[in-house]
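K.L.:
dropping a prediction and its sequence here:
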Amino acid sequence: MHNAEIARRFHELADLLEIQDANEFRVRAYRNAASIVEGSSRPIESMVADGEDLTAIRGIGDDLAGKIEELVKTGNLPQLQELQGEVPEQLTELMRLDQLGPKRTRAIYDALGIGSLEELEKAAEEGRIRELSGFGPKTERKIADEVARLSEREDQRILLGEAEQVAGPLVRYLDELDEVSRIEVAGSYRRRRDTVGDLDILVACDDSGPVMERFTSHPEVAEVASQGKTRATVHLKSGLQVDLRVVKTASFGAALHYFTGSKAHNVAIRKMAVERKLKVNEYGVYRGRKRIAGETEEEVFEQVGLPWIPPELRENRGEIEAAQGDRLPDLVQEKDIRGDLHLHTSATDGRNDLREMAEEAKRLGYEYIAITDHSKRLAMAKGLDARRLRQQMEEIDELNDGLDGIRVLKGIEVDILEDGRLDLPDDVLDELDLTVCSVHSKFDLSRKKQTERVLRAMDNPRCNILGHPTGRLINRREAYRIDLEAIVEAAAERGCCLELNAQPSRLDLSGRYAGMLRDAGVPGVVSTDAHAVDHLNFMHLGVAQARRGWMEKKHLLNTRTLKQLQKMLAR
Ligand code: DGT
Ligand code: CA
Ligand code: CA
Ligand code: ZN
């Protein structure tokens, strides 16, 4: 138990006593103990282990020394446990608000029975807090603001794409040290979840000191929340939390497996190990006290009788059973993608023109792309009417004439109107190679109406791909209410494809729904929906979602050759 942890327990003890209106001197004694422990340059834990007399530390008397010893040896204090049982857990959370503290928390609890942040927020909204003596409207508003900020910070998971912007440079920065032999970002980041709660960086290194030092002194670090010999947690200026773990090379694979998770997957693997009389933890696989594996992840899986499982599948949703039965999917890879089928240009709301988009796509090695600008209803985006779309088709013909090695397909991202009709007449859509149909308005229809609307759009045989099928914008806009199962079923009947939009804030469909497509035999299309040449690089984020949905190369439309693709587009 680190000094910081011991101190935290004493603070908690003091907090709980204070809420209970206990003797002021006792409260102060525990606060003092906490700050002495925090300020101690030596690890209290090893002093206890060495049998040193803690009362030799200034400010620690017999009583406190006994408590510290007990805490270090047993990991807890009976007194603390008792208090935890008496005080509603959430009260200590309330107490941490700058505006409250123990006394005011107690007052609010006694007068209004408020024991949680949600209740506090509601009471502030209803103006009940200002009525209490010593509070007033100003304090009430400050409380409401603080609660709002706090709950926002708690639910905000950052976008995978944003996390990459942070993780990439941070990894390179740490990797510059010669001591670092391996480095990997584990956790939900490695499993490629659409959002991540925090970053978990794992380093293999025999001497942890220099890495710890370099990590905690990174210029983006706003606060070092905890730091030990081999682990540290920091908060970056952006608010993102980063955990660092340093392990020996011999344990790297075991640690990588452990910190990649998911928790549910780990639990299932540990259970399998136990059945084989083995123990798996972040240091290795053990038979008795002997370590029999741990340097690589493959070794760890091998010891429990499994092949290596790709991180995107490690959610305990059948991957272990599939691995046992030698039925793991051969997941699609970014290099399997032959083209990007949802791109915008400066003819509507894109930043680059037709040629620039095509040339960048060619540079990336694509065989084909489809230009799919917006249709006229999206006036804000200068959406195309039939006349301008025909003009663009001519430009594409000219471009194709002068361009080698890539084929530019003519397409449109046509709006699905409220009644399910498409925003452009059939005759002009007939002249295109491909039509992406999307909902960009009336997000608040009932589930029944919204589903009906999209089904009607898919009835039109010109509809090839349903664009960003749930309409969600992560952290900004909920998915619209829609019966996606019915949509997928209808898509299977009609030969429609569904998009896996790779924009970082969309990732729509996400992995879970990608799995639904695969099961229904509906082809997915991973598209970047690029509005600028840089956006073509979002492809890997969408591919990762396909992989989370267990998709193989054959489950995607844009892994096909141009010939195959054209055949499939003729509905
Ligand atoms: P996040 O950060 O919320 O996006 O999700 P994760 O999966 O990155 O979770 P995190 O950062 O709390 O922990 C990283 C991994 O460490 C997690 O996926 C599995 C492992 N882990 C953490 N705590 C536990 C635990 O109590 N038991 C087990 N078996 N594994 C754990
Ligand atoms: Ca994490
Ligand atoms: Ca973490
Ligand atoms: Zn769109």
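P.N.:
That came through fine. Every value quoted in this text rests on a predicted model; they were computed, and no experiment measured them. Ligands and ions are numbered 1, 2, ... in the order given.
K.L.:
which positions within stretch 388-395 qualify as buried?
P.N.:
In terms of neighbour count (16 or more other CB atoms under 10 Å), stretch 388-395 has its buried residues at 388-389, 392-393, 395. C-beta here means a position set from N, CA and C on the backbone, and glycine is covered the same way.
K.L.:
er, stretch 537-552 actually
P.N.:
Along stretch 537-552, the positions that meet the burial threshold by neighbour count (16+ other CB under 10 Å) are 538-552.
K.L.:
what's the answer for stretch 55-69, then?
P.N.:
Buried positions in stretch 55-69, judged by neighbour count with 16+ other CB under 10 Å: 57, 60, 64-65, 67-68.
K.L.:
is residue 235 in a helix, a strand, or coil?
P.N.:
strand (DSSP: H, G, I helix; E, B strand; the rest coil).
K.L.:
so it bridges to which residues?
P.N.:
residue 223, residue 241 (DSSP bridges).
K.L.:
that one and residue 216: what is the separation?
P.N.:
Using CB to CB, to the nearest Å, one obtains 11 Å as the distance from residue 235 to residue 216.
K.L.:
just residue 525 next, same as before
P.N.:
Computed as CB to CB, the residue 525 to residue 216 distance reads 44 Å.
K.L.:
which of these two has more residues huddled nearby?
P.N.:
Under the neighbour definition other CB atoms under 10 Å, residue 525 and residue 216 were set side by side, and residue 525 has more, 29 against 15.
K.L.:
tell me what that one is bridged to.
P.N.:
As assigned using DSSP bridges, the partners bridged with residue 525 are residue 499.
K.L.:
which ones are touching it?
P.N.:
341-342, 465, 497-500, 556-558 (CB atoms under 8 Å, 6 or more residues apart in numbering).
K.L.:
from those, which land in strands?
P.N.:
341-342, 465, 497-500 (DSSP state E).
K.L.:
now render these as CSV, adding pLDDT and distance to ligand 1.
P.N.:
As requested, the ones in strands among the contacts of residue 525 are arranged in CSV below (pLDDT from 0 to 100; distance: CB to the nearest ligand atom, whole Å):
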residue, pLDDT, distance to ligand 1
341, 98, 30
342, 98, 28
465, 98, 30
497, 98, 30
498, 98, 26
499, 98, 25
500, 98, 20
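K.L.:
and which of the residues you listed is nearest to ligand 2?
P.N.:
Within the ones in strands among the contacts of residue 525, proximity to ligand 2 (CB to the ion) peaks at residue 500, which comes in at 23.3 Å.
K.L.:
gap between that closest one and residue 335?
P.N.:
From residue 500 to residue 335 the distance is 17 Å (CB to CB).
K.L.:
who has more neighbours, these two?
P.N.:
residue 500 (30 against 10).
K.L.:
my read is that that one contacts residue 523, right?
P.N.:
No - judged on CB atoms under 8 Å, residue 500 makes no contact with residue 523 at a distance of 10.4 Å.
K.L.:
contacts only, for residue 411.
P.N.:
Under the criterion of CB under 8 Å, 6+ apart, the neighbours of residue 411 are 341-342, 370-372, 432-436.
K.L.:
secondary structure element holding it?
P.N.:
Counting by DSSP states H and E, the element that carries residue 411 is strand 407-415.
K.L.:
go on, residue 109?
P.N.:
When secondary structure is defined using DSSP H and E, the element that contains residue 109 is helix 101-112.
K.L.:
next: residue 15.
P.N.:
Element membership for residue 15 (DSSP H and E) is helix 3-19.
K.L.:
what's the lengthiest helix in the chain packed up against?
P.N.:
Ranked by residue count and defined by DSSP state H, the top helix of the chain is helix 136-155. When contacts are defined as 3 or more CB pairs under 8 Å, 6 or more residues apart in numbering; DSSP states H and E, helix 136-155 sits against helix 117-125.
K.L.:
ok, and what's touching the helix it packs on?
P.N.:
Residues lying outside helix 117-125 but in contact with it, judged by CB under 8 Å, 6+ apart, are 90, 93-94, 108, 112-114, 129, 140-141, 143-144, 147-148, 150-151.
K.L.:
hmm, residue 303 and residue 278 touching each other?
P.N.:
Yes - applying CB under 8 Å as the test, residue 278 and residue 303 come out as touching, 6.2 Å apart.
K.L.:
of those two, who's got more company?
P.N.:
Neighbours were counted for residue 278 and for residue 303 using other CB under 10 Å; residue 303 has more, 22 against 17.
K.L.:
next one: that one from ligand 2, what distance?
P.N.:
25 Å (CB to the ion, to the nearest Å).
K.L.:
tell me who's in contact with that residue.
P.N.:
Residue 303 makes contact with 273, 276, 278, 280, 285, 292-293, according to CB under 8 Å, 6+ apart.
K.L.:
repeat that for 10 Å
P.N.:
254, 269, 272-273, 276, 278, 280, 284-287, 292-294 (CB atoms under 10 Å, 6 or more residues apart in numbering).
K.L.:
so which of the ones in strands among the contacts of residue 525 would count as near ligand 3 as well?
P.N.:
When these are checked against ligand 3 using CB under 5 Å from the ion, none falls in range.
K.L.:
for the residues you listed, which one is nearest ligand 3?
P.N.:
Out of those, the member with the shortest distance to ligand 3 (by CB to the ion) is residue 500, at 27.0 Å.
K.L.:
the closest one and residue 332, how far apart?
P.N.:
Separation of residue 500 from residue 332 (CB to CB): 10 Å.
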